[in-house]
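*Asks:* Could you work out the structure for the sequence below:
(3 chains)
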Amino acid sequence: MLRILPTFLLVVALIAAWQGLHLVIGAGALTSPWMTVSHLVSMMATGDLWSNVGATAKAFVYAMGLALIGGIVLGVLLGVNRLAGAVAEPILLNLYAIPKVTLYPLVLLCFGLGLSSKVAFGVMHGLIPILLFTMNAIRQMRPVYLRTAGTLRLTPIQSLVHVLLPAILPEVVAGVRLGFALTLLGVLIGEMFASQRGLGYMAVNAMGLGDIPTIMAVALLITIIAVTCNSLMLMLDKKLQHR
Amino acid sequence: MTFALKGGSVEPLRVAPDTRTPHVTLSQVTRSFKKAGTKEMFAALGPIDLTLNEGEFFSVVGPSGCGKSTLMDVLSGLARPTSGEVMFEGKVITSVPDGVGVVFQEDASFPWLTVHDNIAFGLRRSGVEGAEVERRVAYALGFMGLRDFAGAYPAQLSGGMRQRVCIARTLVMQPRLILMDEPFGALDQQTRLLMGDELLRLWRETGATVLLITHALDEAAMLSDRVGVMSSRPGLFIDMVETGWDRDRDSRVVSTPRFGEINARLWDKLRVETMKVMGARH
Amino acid sequence: MNIESVLRALLVAGFIGLIELLCRTHVIPQSVLIAPSQMLTHLVSVVSAGVYGKDILFSFTNIAVAALLAIVSGFLVGLAVHSMPRLRAALEPLLASYYAVPTFIFYPVFIVVFGVGHGSIIAIAVLLAVVAMITATLTGLDRIPGVLRKSAAVMRMSRLQTAWRIELPAALPYLFGGVKLAVAYAFIGVIASEFILSGSGIGYAIAFAYNNFESDNMYALMLLVLISVTLINAALNYFDRRLQARRQR
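*Replies:* Next comes the predicted model:
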C-alpha cells in the first residue's frame, strides 16, 4: 500500500493541475474534474453510452482476436523458419514504422464504412508488434530446450505445446500488452471517421456539437479502461517473473 | 614424487567391469558439416570405432572443439552420422531410441516449471500414469537431495542444484544408457568433486552404461572404468586407458599412486593435441 | 549482398509487380486501387506542378515543430526527473501506462481549446511523442557506466563539464533512439490528426481526395507519405549506425 502512495499523490497533483487549467481556460473549453466525473456518471445511467461502449467493445474483441491469432501463428512460423524470418523482419519493421493512417483510405475502399473497417484498423495496428515479439522470442529461445525435448522423445506437437509455447510466454505477453493498446487505438481512430457508432464516434460527434463535457467524459472513461487493462497485464507479467 | 612409465604404457591392475556384453557400438562413424557459406564439408568426427559394454563407465577427454559434443549427438540419436552406423542394444539407431538419457552442458531445466514438475516432465509426456509418476519423482528427489526444493523454481536454485534437477529428470526415465556432456563444467571445483561422487552413486544404483564427456582429466581418471583420449578435429580416439577401479569407488581414489599414473598418461597424449588446437609448436 | 537481401528484394519487387499486373488487367478495379506506376507518375507531375505545395509545407512544418518540441521538452523533463529519484519512482507507473491510453481520444479536446489548425495538431503530436523521449532519456542516463562519472570526479571536472563532456556523449545512443521514436510518433500524430479533422496538410489532402473520389491524387499523396517516411527513417538509421559504429568494442 505504501509503495503506491507517491504515485497516488502524483495523480492527485495532476488532477489539481487539471482543475487549475480549467479555472484558467474556462468551462467552455475544459470541464473541471468534478464536472467530468459527474457528467460521466449521469451518462452511465443512459442507454446511449452503453450501446456505444458495446459497439467499441465488439469491434475491439474481433480485432484483438484476429491480431492475437495472426500475430502468434505468423510469429511462430517466422521464428521457427530462420530464413523466412530473416527475410521478413526488415519488411515488417518498415511496415510498423509507416503511419497506418496512410493506408486508411485503402482499407475504407476495401471494407466500406462500419464494423469491418474498424476491425481492419485495429488488426493493422496490433498484429505486427505481437508478431515481432513472438518471432523474436522464438529466435532467442535457448536451443537446449528443444534438444532436451528431443532426448525425451517428445512428438513435434508435444514439443510445441509443452516446451516452445511455455518458453516464449513472457515475451509474447509483453507483445500482447503492446498489441492491446495499439489495437484499441486503431479501433478508436477508425470510429472517429469511419463509423456512426462507438466511443470514438461519440467523441467526434460531441466535438461537432461543441459538447465539451461529453468529450472529456468519454476520454476519461477510455483512459480508465485502458489503464486498468494495462495494469492487469503488468501484473500478469510480474507473475511470470519467477523465471 | 616421480614414477617411471614402462615404455610409455601403464599396466592395468585389474580387469575392468565384469560384463563384457556390448551395449553400444560405433562402427566407422564419421560426421561432417558444411562449412558456413561454402559448399565444402569439413570432418568434425571420425572415423570412430568404439564399443561400450553394459554397465561400463566410459569417459571421453579431448581438447576443445575436437568433436566430443558431436560424438554425443551421434550416440544419442540427435544427429545421424555422415557415414558408419551406431548400434544400441543390437539395433541401428536412426533417432533418439528408448532407454537413452542425456544431460547437457548447459542448464536445461525449464524455468516455467517447479523442480517437481521438471523432474516429472518426461514421464508425463510418455504417458506414465499419475501414481507411478509421483512415486518415481519422489524417489529421484530423495536420491538427488532435492526433496526440500520440490516446490521451488529453477531460478531460485544454484547452478549445481539446477544440474541435479536435470540429472533427476533423466534418472526418472530409467535410462539404460546415460550420456553426459560436461555436466559439471559450470561448477566450482569442490562442487564438482562432490557431484562426481553422486554420479558414481547414480551409476551403481541404476546399473546403466555411462558415457561422460569432460575436459577435466582428473574427473575422467577418478570416475571411469575406461577413458578414451580424443585427438583434435577431426576427433579420433588416440588412446584408451583402463583404470581398473573397483565398482564401489569414490573420490578418494585421487590419493592413490595409480591415479597419478593414469593422469600422467592422459596428459601425455592430450598435451600434444591441446597444443595443436592452440596453434603452438610442440 | 547475401541471400536474405536478394530474397527480400525479389519478394518486394514481386509483390509490387503483382499489384501492377492486377491493376492493369482491371482485376482490381480502378476505383479501389490504381497501378503503382501510375501512382508514381502522377505524384511526380503533381509535385512538379506544385499543386499540393501549401499542404506539404503545412504538414512538414507541423512535424518538424512537434518533433523538436517533443525532443527538447522530453529531454529536459527526463533530465529533471532523473535527478529526482523520489519523483521518478512516483512517475514510473504512469509512464509505463502512458502508451496504453489511446492519446488520440484527446484530439477533440485540443480542437475545442486551440481550434482547427497548427495548434491542436502539434499539441496531439507532441503528446504522442514526448513520453518516448522522456523514457529514452531516463534509460540513457541510467546506462551511463558509473565508472565514467568517477573518472570525471577524479579529473576534478565541474558539474557542467561532466554533463556536457561525459554524460551527454555516453548517453547519446539511447537519446538518439528516443529521437527516432519521437520523429516517428510526431509524423504519425500529425498526418493522422490532419486526416481526422483539419483544413490543410497532407493528411487533410488525402481525406479530401478520398471524399471526392480522386483516386490518382489520393494514391499519389499516400505514396508521398510512404517515400517521406522511408527517407527520414533511412537518414535517421544512417546516423544511428554511425553513432554505434564508433562505439563497438
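
*Asks:* From now on I want contacts and neighbour counts done on CA atoms only, so please keep to that.
*Replies:* Will do.

*Asks:* Find the nearest non-adjacent residue to residue 37, please.
*Replies:* Just going to use chain A. Residue nearest to A:Val37 in three dimensions, not counting chain neighbours: A:Ala217, with 6.7 Å by CA to CA, 6 or more residues apart in numbering or on different chains.

*Asks:* that's the other chain; I wanted chain C
*Replies:* Spatially, and ignoring its direct neighbours in sequence, C:Ser37 is nearest to C:Glu20 (7.2 Å; CA to CA, 6+ apart).

*Asks:* Show the pLDDT at the one you found.
*Replies:* With respect to pLDDT, C:Glu20 has a value of 91.

*Asks:* List the buried residues in the helix or strand where it lies.
*Replies:* Secondary structure from DSSP states H and E places C:Glu20 in helix C:3-24. Buried residues in helix C:3-24, counted by 16 or more other CA atoms under 10 Å in any protein chain shown: C:7-8, C:19-20, C:22-24.

*Asks:* From the chain's centroid, how far away is that helix?
*Replies:* In terms of CA atoms, centre = their mean, to the nearest Å, the centre of helix C:3-24 is found 26 Å from the chain centre.

*Asks:* That one packs against which elements?
*Replies:* Counting contacts by 3 or more CA pairs under 8 Å, 6 or more residues apart in numbering or on different chains; DSSP states H and E, helix C:3-24 packs against helix A:82-97, helix C:36-49.

*Asks:* Identify the residues contacting the residue nearest to C:Ser37.
*Replies:* By CA atoms under 8 Å, 6 or more residues apart in numbering or on different chains, the contact set of C:Glu20 is C:35-37.

*Asks:* Quick check: it vs C:Val27, distance?
*Replies:* For C:Glu20, the distance to C:Val27 equals 10 Å [CA to CA, to the nearest Å].

*Asks:* Now do the same contact list for the residue in chain A that chain C sits nearest to.
*Replies:* When scored by CA to the nearest CA, chain A has A:Thr7 as its residue closest to chain C, at 4.1 Å. By CA under 8 Å, 6+ apart, A:Thr7 lies in contact with C:89-91, C:93-94.

*Asks:* Quick check: of the buried residues of helix C:3-24, which lies closest to chain A?
*Replies:* Checking the buried residues of helix C:3-24 one by one against chain A (CA to the nearest CA), the nearest turns out to be C:Arg8, at 5.4 Å.

*Asks:* Test for you: state the pLDDT assigned to that closest one.
*Replies:* For C:Arg8, the model assigns a pLDDT of 89.

*Asks:* same check, this time on B:Gly62
*Replies:* So, for B:Gly62, pLDDT stands at 88.

*Asks:* can you tell me how far it sits from B:Leu217?
*Replies:* In this view, B:Gly62 and B:Leu217 are 9 Å apart by CA to CA.

*Asks:* Report the angle between the longest helix along chain A and helix A:82-97.
*Replies:* Using DSSP state H, we find that the single longest helix of chain A is helix A:47-80. Going by axes from the mean of the first three to the mean of the last three CA atoms, to 10 degrees, helix A:47-80 is angled at 150 degrees with respect to helix A:82-97.

*Asks:* list the helices and strands helix A:47-80 packs on?
*Replies:* Under the contact criterion of 3+ CA pairs under 8 Å, 6+ apart, helix A:47-80 touches helix A:82-97, helix A:115-139, helix A:165-194, helix A:199-208.

*Asks:* Any chance of TSV for these, columns distance to chain B, mean pLDDT and mean neighbour count?
*Replies:* Formatted as TSV, those follow (distance: least, CA to the nearest CA, whole Å; pLDDT from 0 to 100; neighbours: other CA atoms under 10 Å in any protein chain shown):
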stretch	distance to chain B	mean pLDDT	mean neighbour count
helix A:82-97	14	86	16
helix A:115-139	15	92	26
helix A:165-194	7	90	24
helix A:199-208	40	87	22
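
*Asks:* From the chain's centroid, how far away is stretch A:20-31?
*Replies:* Relative to the centre of its chain, stretch A:20-31 is centred 30 Å away, using CA atoms, centre = their mean.

*Asks:* How about it, which residues are buried there?
*Replies:* The neighbour-count check on stretch A:20-31 (16+ other CA under 10 Å) flags A:21-22, A:29-31 as buried.

*Asks:* Any chance of the backbone angles for the closest residue in space to A:Leu154 that isn't next to it in sequence?
*Replies:* Spatially, and ignoring its direct neighbours in sequence, A:Leu154 is nearest to B:Arg125 (7.0 Å; CA to CA, 6+ apart). Main-chain torsions, B:Arg125, degrees, to the nearest 10: phi -70, psi -30.

*Asks:* so B:Arg125 touches A:Thr155, yeah?
*Replies:* No - at 9.1 Å, B:Arg125 does not count as touching A:Thr155 under the criterion of CA atoms under 8 Å.

*Asks:* residue in chain C nearest to chain B?
*Replies:* Closest residue of chain C to chain B, CA to the nearest CA: C:Asn2 (9.8 Å).

*Asks:* what about that residue, neighbour count?
*Replies:* Residues near C:Asn2, counting by other CA atoms under 10 Å in any protein chain shown, number 7.

*Asks:* who's in contact with it?
*Replies:* Counted by CA under 8 Å, 6+ apart, C:Asn2 has zero contacts.

*Asks:* residue contacts, residue 63?
*Replies:* Since you didn't name a chain, this refers to chain A. For A:Ala63, the contacting residues are A:119-120, A:122-123, A:183, A:187, by CA under 8 Å, 6+ apart.

*Asks:* actually chain C
*Replies:* Contact analysis of C:Ile63 by CA under 8 Å, 6+ apart lists C:122, C:125, C:183, C:186-187, C:190.

*Asks:* Centroid-nearest residue for chain C?
*Replies:* In chain C, the C-alpha nearest the mean C-alpha coordinate belongs to C:Ala184, at 1.3 Å (CA atoms, centre = their mean).

*Asks:* Quick check: pLDDT value at residue 36.
*Replies:* Here I'm looking at chain A. We have a pLDDT of 90 for A:Thr36.

*Asks:* That was the other one, I meant chain B.
*Replies:* Looking at B:Ala36, its pLDDT reads 70.

*Asks:* now the strands: where do they sit in the stretch 51-200 of chain B?
*Replies:* Along the stretch 51-200 of chain B, the segments classed as strands by DSSP state E, counting those that start in this stretch run B:57-61, B:83-88, B:91-92, B:100-103, B:177-181.

*Asks:* Quick check, the residue in chain C closest to chain A?
*Replies:* Using CA to the nearest CA, the closest approach of chain C to chain A is made by C:Ala90 at 4.1 Å.

*Asks:* What about that residue, how many residues nearby?
*Replies:* Neighbour tally, C:Ala90, other CA under 10 Å: 19.

*Asks:* Surely it is in contact with A:Ile4?
*Replies:* Yes - counting by CA under 8 Å, C:Ala90 touches A:Ile4, with 7.5 Å between them.

*Asks:* which residue is nearest the centroid of chain B?
*Replies:* Central residue of chain B (CA atoms, centre = their mean): B:Leu212, 1.6 Å from the mean position.

*Asks:* so A:Ala67 sits right up against A:Val123, yeah?
*Replies:* Yes - contact between A:Ala67 and A:Val123 holds when scored by CA under 8 Å: they sit 5.2 Å apart.

*Asks:* Farthest from the middle of chain A: give me that residue.
*Replies:* Distance from the C-alpha centroid of chain A, by CA atoms, centre = their mean, peaks at A:Thr151 (39.9 Å).

*Asks:* Thanks again, I'm all set now.
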